[in-house]
Each structure stands twice: as structure tokens, then as C-alpha cells.
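> give me coordinates for this.
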Amino acid sequence: MLEQVLQDSRLSWLRQDGADGDVVLASRILLSRNLRDVPFPNRADLYELQRVEQRLAAAMPAIQEALGENLQGVEMENLSTLQREVLREKQLISENLLLNPQHRAVYFGESQKLSLMVNEEDHIRIQCVTAGLDLASPLQRAFELDDLLESQLDIAFDEKMGYLTSSPTNLGTGLRAAVLLHLPGLVFTRNVSSIINISPQLGLAVRPLFGDEKEQPGCLFQIANQLTLGYSEQELIDNLRGAVTEIVAHERRARKALALYMKERLEDEVWRAYGTLSYARLLSEKEVLELLSRLRLGMDLKLIRGLAPECYGQLLLSSRTSFLQNLAANENLSKTEIDRLRAQHVRHIIEEHQVSLEE
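Coordinates of the predicted model:
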């Protein structure tokens, strides 16, 4: 399963058929848990980290049987840096597991909608993700896995403080809920900065998925809760969902204004992006992100109707440098070679996803 995951450009949770899928790409739930009698990973030595890894490995057969899903276990030390980077690009592991592989592992299902990181910032980090604006389904799945873990392991919990975590911002519920948004309308009308600035007042954080606050290639943003202590899981979810619903409304109004007052320019940019992606022979990573944002906007506004919706997710992942290097089994490719390979894969995916308008 691992080799297939590393080479497969499809992301089952990145589709356009989810709720509010024209703006909301995915919803993700993270639960942080720790074993009671072992120091947190940032304080544990290698022997203690190994103990955590061994306990999880021993508990997994019973957990998988109860869960009804086979989870592939992968030790980070057994992977190359490039392979770990691909798993990070696919959102299966975090930066922490990428940089600190010793006695760290990940378990994930075939659909890649569920993963369990071992010895990340905390001993256990459960991750569940799904398409569109749907926080309830991944939360239920995460709780199901959490209950199974607690039935097998002694989890650190305090009656007053809640779940104990290495970061104070996760203390209490240990819950991080996040939503991935595509906001080209707000970026183009220069209104996205106001959302970023006001989010801390709502107990939320908004950050670009790529780049920084000054430059956001791809117009992709992640919004997540900042606080966990003193709130129930449902309160955190409701607060995040309410904020996302407002942002979605603002984004749709911005898109409507662009389509009304800048129709020709909008159509020109969308079709130029489609043409460049379809025929270019060299494409940089940043350029693809910018072009894909325009292509996705054109698909959502029905300006482009001849492409299958799932192509966006494949284009997004297969244009990442580490994914391409791993696919070519060569991490020493020159920039020109990578840009050529990227353009080749983009052209192939677009051609593969052409659909007849009569269907």
C-alpha cells in the first residue's frame, strides 16, 4: 500500500462534491493524546519514544479489528527524506515527523482519510479528513478511534484540565479543527487580509496553505481553532463552522462581483490558465499553483465545462516538487528537468480528465 500511496496523485478527500465544495475544499479534525506514564515527545529520550511506538504497535491489531479498517503502519526511519516529504505533501504526516524521524511512525487507511501519527508533538495525533464543509463526520470518526485507543492505553487526563498535551493551546479537548478554503475572489479584491486580521478575535487562525500573508499562491487558506481549554468540542466546531459559513458568503459575493463587473478579464484569465496548463512545456511550482487557482475558479463558475471535477486535486498534488522527484526516483533533478516533468504530468492529467459536454 505504501508504494501506491507515494505514487498515486489522487486525493480521495479533495473533491468538488462536498458541501459548499465550490469554496470549501476539505475539513479536518485532529485529536492530541498522550500516554500517562511517559514524558511528552519534546521531553522524552529515544528509549521513551520507542516505548510509545511499541505500545501503539501492540494495540493496533485490536484497534483495527474493532475499527473495521486496515491501517498501514510506516516507521519514519525506514523512509527516505523524499518519501517522508511526499507523505507530508499528501497531508498524512506533519513537519515534525518529517524532520525528526527517530521512533516516529504513522498509520493510515487505504482511503487516506484517516491517519494516526505517533510521537509527533504529542504521543498520539489522530487525523480525520473529508471533502467539503463537513466537520461532524470526521469528528465522529476521530472519536471512534479515540475511544478504541483509550480502551487499550492509559491516556493522560485530568478531571479539571482535561486531556494533557505538550502545547498549552491544545490543553483540554486536545481538538484542532481546520477547514481548507479556496478564496480567489477575496484575494483578487484584496479583502482576504481583513479576514486574517479579525480571526484571532474569534479564537481562530487563518493562514495561507502555501506562501505567507504577503503572497498566497493558489489562494488556498486554512482556518482553524486556536483555543481548546474551557470549551467543549461542540462549541469549538460550531464557532469554526459559523466563521467558515460567513467567509464562504463573502467569497461568493466577491466572485459574483468579478463575474459581473470584470467578466471579460475574468474569462480571459481563466482560459489563459487553461491554455497554459494544457500546452506549456515548462512549469514552475508557484506558477502551477496560480494557474490552478484560476482554473478551479473557472470550473466553479461553469466557465470551463470540459474537465472532470476531480482533476484539480490530482493537478495540485502532482505538481509538487517532492512528489515528482519521488515518481522519477531521482532527487537530484535540475530545476529545468523538474519543471519539464511537472508540465508533462499536468498536460497528461488534463488530457485524461477531458469529458464530453454531451455526457
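> can you dump the C-alpha coordinates of stretch 23-38 into PDB?
Presented in PDB, the C-alpha positions along stretch 23-38 are these (Å, rounded to 0.1, in the frame of the first residue of the first chain):
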ATOM      1  CA  VAL A  23     -15.200  27.300  -1.800                       C
ATOM      2  CA  VAL A  24     -14.500  24.700   0.900                       C
ATOM      3  CA  LEU A  25     -12.100  22.000  -0.300                       C
ATOM      4  CA  ALA A  26     -11.800  19.900   2.900                       C
ATOM      5  CA  SER A  27     -12.500  19.700   6.600                       C
ATOM      6  CA  ARG A  28     -10.000  18.100   9.100                       C
ATOM      7  CA  ILE A  29     -10.100  17.000  12.700                       C
ATOM      8  CA  LEU A  30      -7.000  16.500  14.900                       C
ATOM      9  CA  LEU A  31      -7.100  15.000  18.300                       C
ATOM     10  CA  SER A  32      -4.000  15.100  20.500                       C
ATOM     11  CA  ARG A  33      -3.500  12.400  23.200                       C
ATOM     12  CA  ASN A  34      -0.600  11.300  25.400                       C
ATOM     13  CA  LEU A  35       0.300   8.300  27.500                       C
ATOM     14  CA  ARG A  36       0.100   8.900  31.200                       C
ATOM     15  CA  ASP A  37       3.400   7.500  32.300                       C
ATOM     16  CA  VAL A  38       5.700   8.700  29.500                       C
END
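> all the strands of this structure, residue numbers only.
24-33, 72-75, 105-108, 114-118, 124-131, 157-158, 162-163, 175-182, 204-208, 220-225 (DSSP state E).
> and the angle from the fourth one to strand 124-131?
Relative orientation of strand 114-118 with respect to strand 124-131: 160 degrees, computed using axes from the mean of the first three to the mean of the last three Cα atoms, to 10 degrees.
> state the mean pLDDT of strand 114-118.
Across strand 114-118, pLDDT averages out at 95.
> remind me what it packs against, helices and strands.
helix 46-67, strand 105-108, strand 124-131, helix 136-152 (3 or more Cβ pairs under 8 Å, 6 or more residues apart in numbering; DSSP states H and E). The C-beta positions use only the backbone N, C-alpha and C, and glycine is treated the same way.
> pick the most buried one from these.
For those, average neighbour numbers computed from mean count of other Cβ atoms under 10 Å are highest in strand 124-131, which has a mean of 25.
> show me what that strand pairs with in its sheet, parallel or antiparallel.
Sheet pairing here is set by DSSP bridges, and for strand 124-131 it gives strand 24-33 (antiparallel), strand 114-118 (antiparallel).
> cool, thanks, signing off.
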